[in-house]
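Asker: Please work out how this folds:
(2 chains)
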Amino acid sequence: MNDLDLNLVPPTAGSAYWRCVESKVESERLFYSRFILSPLKVGQANTIGLVMRRALLGEIKGTCITCAKFENITHEYSTMDGIQESVHDILINSKEIVLKSKSSEAQKAFISIVGPRRVTAQDIELPTSVEVIDPMQHIATITKKVKLNIELKIEKDSGYRRQNIVEYKDGNFTVDAVFTPIRSVNYSIHCFESHDKSIMKEMLLYEIWSNGSITPEEAIYEASRSSINLFLPFLQAEKEKEDFKGEDIHESNALHPSVSIVVDQMAKKVTFQHIFIEQLELSPKAYNFLKKINVHTISDLLDYSQDDLMKMKNFGKKSVEQILEALQKRFGMRLQ
Amino acid sequence: MKIDLEQNEDIYVLPDFRKIQLEAFHRFINQGIMEELDNFPKIEDTDQEFEFQLFGEKYYLLEPSVKEGDSLYESIITNSCKLYVPARLTQRKKGKVKEQTVFIGNIPLMSSQGTFVINGIARVIINQMLRSPGIYYKSEKDPDSGEITTYTATIISNWGERLQLELDANNRIWFRIDKKHKVSILLLLLAMGLNEEKILDTVHYPEVMSDIIREAKDEENIEWKENAVSELYEQIFGTTDEEDVESYDIFEELKKEFFEPKFELGRIGRFNINKKLNLNVPKDEIFLLPKDVLAAIDYSIKLRIGVGTFDDVDHLKNKRIRSVADFLQNRFKLALERLGDLVHRRINRLTRRKRVPTIGSLVTSDPLLKTFKEFFGSYPLSQFLDQTNPLTQVIHKRRFSSLGPGGLTKRIASIKARDIHPSIYGRICPIETSEGMNAGLISSMAIYASIDHWGFLQSTLHKEYDEVLFEEQNQDMADVSAEEYFRIATEACLAVSPEEDENKEIFTVAQLQQEFLTTSWDRIKLRIISPLQYFSVGVCPIPSFEHNDANRALMGSNMQRQAVPLFEPERCIVGTGLEGQAASDSGSVVIAEQGGKVDYVDGKEITLLVNGGGTINTKLITYQRSNNNTCMHQKPRVNLGEYLKEGQILADGAATEGGEPASGKNILVAYMPWEGYNFEDAVLINECLIYENVFTSIHIEKYEVEARITLNGPEILTREIPHLDDYFLRHLDENGLVLPGSWVETGDVIVGKLTPRDPEESLKIPEGNLLQAIFGIDITATRETCLKVPPGGKGQVIDVRSVYPEDDNQYRNFIYVYILQKREIKVGDKVAGRHGNKGIISKILPREDMPYLQDGTPIEMILSPLGVPSRMNVGQIFECLLGLAGGFLKRHYRVIPFDERYEREASRKLVFSELNKAGEQTTNPWLFELDNPGKSLLIDGRTGEIFQQPITIGKAYMLKLIHQVDDKIHARSSGPYSLVTQQPLKGRSRMGGQRVGEMEVWALEGFGASYILQEMLTIKSDHIQARQKIINNIVAGEPVDKPETTPESFRLLARELRCLALNLDHAVVKKDLIIDYKEL
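Answerer: Next up, the predicted model:
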């Protein structure tokens, strides 16, 4: 996906350049940066600004603790001997902890500390792919010589997720998770005249505050990628039109050199997952057979090769041919 | 229990807000008990052989075995101490004397918070405001001529009836008792033992009196005293049946039954009458005397001549406060009387049987126990302590009620009695009262007010000159009557700065009697000490409430009491400086009793190593339920090894932060319309208020079930419940109790219980017979009476408690299940500011859709701008702007209201200068712009466009109120019906339905909504068979068939139509065209 770059975004923006004007780390958990995108045609700045603001606030993924497991605790509204905070307070504290994870899988972490001492974020034993942003974030205070054992579950997602209480089981407490790493976004639009003083141009000034798990630059990158992903169906629609003209996909792809093949294939895959074999208008025999071997969508079908189908019992050559023909005719595809 | 009653004499320190309760209880324990025990009579048997006696002065109270904190937890305990009194039994003939200290009962104890714990429930005794006993004169005018016709004197007694003396236009004097018909005064005087000469001798105006006597003589002959008594008896009680009884007896009886108990004036009454009528009857003469009546008549005549003054019934000097001390003393007296009767009965019974009584056999603790139980359980002024948040608790203890026994009645109380009277300033809050029926009858005590030993309200004033102003030594207290004669400056001392020109006269606003006037400073003798002194604890925390309409300030103070404690409390940015005291006096905050070092701290307890040696161990309250189902939880605020001073806080309670009440949150608000979602005060909120747990609160519900022995055997607690899906039983342990920690939802069984059935009844069930025949098991011998989670009650079980009450001999087992709910804010919840600006959440917007400030911060709450002008609560604007400045500068403001008296527009200047400072210091120039001060341009999060007009934004302190949708939302498809009317029941708790009443039917008729009408009037109404059948039909998916007969409600419709001359017939045309009319 690395070939997807920002200069691809607005083909019409043409010569617009992008620059980071100011960047500062206000604290471990507060990064701030200011960017400029310029020059833009009148009106474009707001289009980009708005889309980016909403994408930054809503789409960026973050890592959070989503579940904690305590030993010998029946419910979170109880206190433990020798620990100043109640279980519930500890859960709230752990909700606040800012993490950074490379993998998007759910992972496990542990706290296992003997008191008396303060337990902070640096005391969490994390898997290698996860790191703590602010090691001094407070979790609990142990005031006696007791051991605090907590098992944590770490997940990566976007938006926020409320406690799923049904999952409550012996000492497993889910935590409300606020994944979004962006604290605030602001943009302003400034007008200026171009060199020949005839055309008005716009400059987009962008300010981003993040929680430290992601730099504002990375956030901008991710936000633009996810907004491009949002626009993919439109590109797809364009392509389908081309297909009806009977042109090759590769040709239509060539019309949009900005969209890379990888992205295209990915999008196609997603699309095929949503097209059912009914659309192939097969004969009942072939259709029923496909249903029987659990082929429901085109993408299921693409998992089989022509030979695979031929080898199947009770499946005639005619039927296979029919399928291939339909695939070719409607989607311009072949089985491997 | 230690009650500290020291008074600080030099500085004006706010009195402890609980003082009014504690002081009264202190008086009861130290004085009241003794007084009543002293009055306990010597009891003799009929032969006067034995004599029983109590020695009241040597009583002692045993310290309770249960600690104060524990009593609430153990759900059934009453916090009380045992009262022991030495008693003596003398046997006269033998000269035997037996002495023993006996236990005569439990005295409920007041906790250090000023509450009582009865059966594990905190209760509070409200002070009652009554007309003080004494004599009051008023005149009545003739409605036509406007001339004064009658002069009425009302004698109000402490205990008993009220007596009215009337001097009418013809100079005749009447009296009436309890508003009954009037009787000539002569009769009363004669009945009281006076004769003609005596009367004429004592009276100042014998002419009038002799006229009356002559007239009376003309009519009937009532010369003799005996006659007078029986006459009076007849006039008042109807008839005298026993003519034969000697008149002397009747007189004695009358005196005993009538004058004494019915006209007990009490000491206060005696004091008041002496003062008004200028008598000097000794203080101890607490009953009404003939002398009083004669003096009262004289005064009426004087009034007619024009000498003397009328009384203002609503003036506070004519009202007294009946406090816990008086209530408890009365009850104690009653209990001792009952005990006396009991001893009397027992001593007689024992001697009759020729047995020797012992002290132990004569005295029981029953009378005391019963009397106090009765009092705390059913007396209207013993109330369930309102515990919604700490502030509520304080306010509830300081409330005065004019209602209750001996007081006014809601319906008949006049507007005058409810109105603000000038004499209440500094004593009763003119703002805080309840809305609706009780307006003006339930009031609240002002913060500096106190109660003197007579029960009158006092206000604290500063003496400007060291003259002896009051007869009594009390230096700063002004009692209501004394205050009348002085001018009281109400302006601040800033008005008289010493640098001012000596010759220039300085003027100030002052209160004189019932007026406000401007007067020169030289003539001022008294001065108020704080501008807040007029107001109550509930009103004082409202910042700049001088800019609010009083009605809204009232709502604001009432709604602060309804605020739910939130998850992470946050104190207000803008306050008035009174917060600290309110929180510490609420008892929710834990305070170090002595200085020392923190030895140990965890979530449950804090141990303090005291300076002088020794330790103090404080147990913290963890997630406990309050009376209002909110959560009480204390969090330690100290660290291990920290050194503390006395009075420093150890732990914060629910809804306090750093020792200040914190029942709300500082929220970024904007006053703007947004797509009509703030129509009619509705409020829009940002999604982040949910996921950042800003308005999340904890509610703990208590469910209770009792297992006892029935006629057919004991009820069984078990998890084996026949005919119930295992799914609903999944949380039960083997004893049928729910496991703590489990998440339960509506319909789940939390206590599995089986009640034995009547054996005869169970035989009738067919499958029971079959099962018994085949397997020999008696499966239907029991009925399931499980405790199930009601609709909307889902949550986490945090505690299950099984309690066996001690005092009962019967086997009973109470099971309490505590279910905790965590509630985020949601659409339909009520939120409010402190200025009476309330609203319902109408929509929750994602943060990217919210309008945002010029620095990108999304607004958290959008309020309607139309909510300000008509409500006249401008204080909210000042608060929110100053809050904005404070939010940016990270500073908290404590501004005492009424700063306007120092300077014009002082509030506005303060707010703008702070905003300007905030703008400069944080380089956010948009915070204060000269073109639109206090407003700022906002940007729409959906379009990125700037809104046309600048918008007022700020940080307001918003509260989440206890009125939440979760407790109110309700729907019914089918449910229970009332047995008699066969209409659906009312109310959510009973799964009730919505009534389709007369007017609703008219509406349906008017719109011709025939299908709904048909449904409502036939199958959904009182047609029992049809509505049972319809459920089966719906479940089976069959068509709904129409009922064949007509229900009553349809008949009513038919009758109504007949009234309109429209007949409705139901006819079936059979074969051969025979028409069969059916009755409707």
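
Asker: For the residue most central in space within chain A, which residues are in contact?
Answerer: Centroid check for chain A by C-alpha atoms, centre = their mean gives A:Lys61 as the closest residue, at 5.5 Å. Residues in contact with A:Lys61 (C-beta atoms under 8 Å, 6 or more residues apart in numbering or on different chains) are A:104, A:156-158, A:179, A:181, A:222. All C-beta spots, glycine's among them, are computed from the backbone N, C-alpha and C.

Asker: top of those residues by neighbour count?
Answerer: Using other C-beta atoms under 10 Å in any protein chain shown as the neighbour criterion, A:Pro181 leads those with 27 neighbours.

Asker: looking at it, that residue is touching A:Trp209, isn't it?
Answerer: No - the pair A:Pro181 / A:Trp209 is not scored as a contact, 10.1 Å apart, by C-beta atoms under 8 Å.

Asker: Now do the same for the residue of the stretch 701-850 of chain B at minimum distance from chain A: its pLDDT.
Answerer: Minimum separation of the stretch 701-850 of chain B from chain A (C-beta to the nearest C-beta) falls at B:Gly741, amounting to 3.4 Å. B:Gly741 carries a pLDDT value of 87.

Asker: Any idea how many residues pack against the closest residue to it other than its chain neighbours?
Answerer: Leaving aside its chain neighbours, B:Gly741 sits nearest to A:Thr74 (3.4 Å; criterion: C-beta to C-beta, 6 or more residues apart in numbering or on different chains). Residues lying near A:Thr74 (other C-beta under 10 Å) number 18.

Asker: How about the one 5 residues further on?
Answerer: Using other C-beta under 10 Å, A:Thr79 is surrounded by 21 other residues.

Asker: residues contacting the residue lying closest to it once chain neighbours are set aside?
Answerer: Closest residue to A:Thr79 apart from its sequence neighbours, by C-beta to C-beta, 6+ apart: B:Gly603 at 3.1 Å. Contact partners of B:Gly603, counting by C-beta under 8 Å, 6+ apart, are A:79-80, A:83-86, B:620, B:622, B:635-636.

Asker: How far off centre is stretch A:150-165?
Answerer: Offset of stretch A:150-165 from its chain centre (C-alpha atoms, centre = their mean, to the nearest Å): 15 Å.

Asker: Give the buried residues for it.
Answerer: By 16 or more other C-beta atoms under 10 Å in any protein chain shown, the buried positions in stretch A:150-165 come out as A:150-157, A:159-161, A:163.

Asker: Ok, stretch B:512-527 next?
Answerer: Residues B:512, B:519, B:521, B:524-527 are the ones in stretch B:512-527 that count as buried (16+ other C-beta under 10 Å).

Asker: Verify the assumption that B:Asp201 is located in a helix.
Answerer: Yes - membership of B:Asp201 in a helix is supported by DSSP: H, G, I helix; E, B strand; the rest coil.

Asker: Against B:Ile185, how distant is it?
Answerer: Distance of B:Asp201 to B:Ile185, given as C-beta to C-beta, to the nearest Å: 16 Å.

Asker: what does A:Thr141 give?
Answerer: 80 Å.

Asker: Could you do B:Asp38 as well?
Answerer: Taking C-beta to C-beta, one finds B:Asp38 at 37 Å from B:Ile185.

Asker: So those two - more neighbours on which side?
Answerer: Higher neighbour count among B:Asp38 and B:Ile185: B:Ile185, with 25 against 11, using other C-beta under 10 Å.

Asker: pLDDT score for B:Pro846?
Answerer: 91.

Asker: show me the contacts for it.
Answerer: Counting by C-beta under 8 Å, 6+ apart, B:Pro846 touches A:58, B:686-687.

Asker: again, only this time at 7 Å
Answerer: Residues counted as contacts of B:Pro846 (C-beta atoms under 7 Å, 6 or more residues apart in numbering or on different chains) are A:58, B:687.

Asker: residue contacts, the residue nearest to B:Ala832 when sequence neighbours are not counted?
Answerer: Take B:Ala832 and drop its neighbours on the chain: the residue closest to it by C-beta to C-beta, 6+ apart is B:Lys838, 3.8 Å away. By C-beta under 7 Å, 6+ apart, B:Lys838 lies in contact with B:555, B:559, B:681, B:830, B:832.

Asker: Confirm that the second one sits in a helix.
Answerer: Right, B:Met559. Yes - the assignment for B:Met559 by three-state DSSP puts it in a helix.

Asker: Now do the contacts for the closest residue to chain A within chain B.
Answerer: Nearest residue of chain B to chain A, counting by C-beta to the nearest C-beta: B:Gly856, 2.5 Å away. The contact partners of B:Gly856, by C-beta under 7 Å, 6+ apart, come to A:184-186, A:207.

Asker: most neighbours, which of these?
Answerer: Of these, with other C-beta under 10 Å as the count, A:Val185 tops at 27 neighbours.

Asker: Which positions in the stretch 1-150 of chain A make contact with chain B?
Answerer: A:46, A:49-50, A:53-54, A:57-58, A:74-75, A:77, A:79-86, A:116, A:143-144 (C-beta under 7 Å from any C-beta of the partner chain).

Asker: which of those residues are buried?
Answerer: For the residues of the stretch 1-150 of chain A next to chain B, a burial check counting by 16+ other C-beta under 10 Å picks out A:46, A:49-50, A:53-54, A:57-58, A:74-75, A:77, A:79-80, A:82-86, A:143-144.

Asker: Where does the prediction get shaky in the stretch 201-350 of chain B?
Answerer: Low-confidence segments of the stretch 201-350 of chain B, defined by pLDDT under 70, are located at B:216-262.

Asker: Quickly list what B:Ile1075 is bridged to.
Answerer: Beta-bridge partners recorded for B:Ile1075 (DSSP bridges): B:Val1069.

Asker: Number of residues surrounding it?
Answerer: The number of residues near B:Ile1075, taken as other C-beta under 10 Å, comes to 9.

Asker: Read off the pLDDT value for B:Thr696.
Answerer: 92.

Asker: How about A:His250?
Answerer: A:His250 carries a pLDDT value of 47.

Asker: do A:Asn7 as well
Answerer: pLDDT, A:Asn7: 41.

Asker: And for A:Arg334?
Answerer: Turning to A:Arg334, the model gives it a pLDDT of 71.

Asker: Likewise for B:Met445?
Answerer: For B:Met445, the predicted pLDDT is 93.

Asker: For B:Ala582, see how far away the closest residue to it other than its chain neighbours is.
Answerer: Leaving aside its sequence neighbours, B:Met445 sits nearest to B:Arg398 (C-beta to C-beta, 6+ apart; 4.4 Å). For B:Arg398, the distance to B:Ala582 (C-beta to C-beta) stands at 11 Å.

Asker: Quickly list what's touching both of the two.
Answerer: Common contacts of B:Arg398 and B:Ala582, defined by C-beta under 7 Å, 6+ apart, comprise B:17, B:537.

Asker: Now do the contacts for A:Tyr160.
Answerer: Neighbour list for A:Tyr160: A:177-180, B:691 [criterion: C-beta under 7 Å, 6+ apart].

Asker: Heading C-terminal from the helix or strand harbouring A:Ser299, find the next helix or strand.
Answerer: Counting by DSSP states H and E, the element that carries A:Ser299 is helix A:298-302. Note on helix A:298-302: by DSSP H and E, the next helix or strand toward the C-terminus is helix A:306-311.

Asker: No further questions, thank you.
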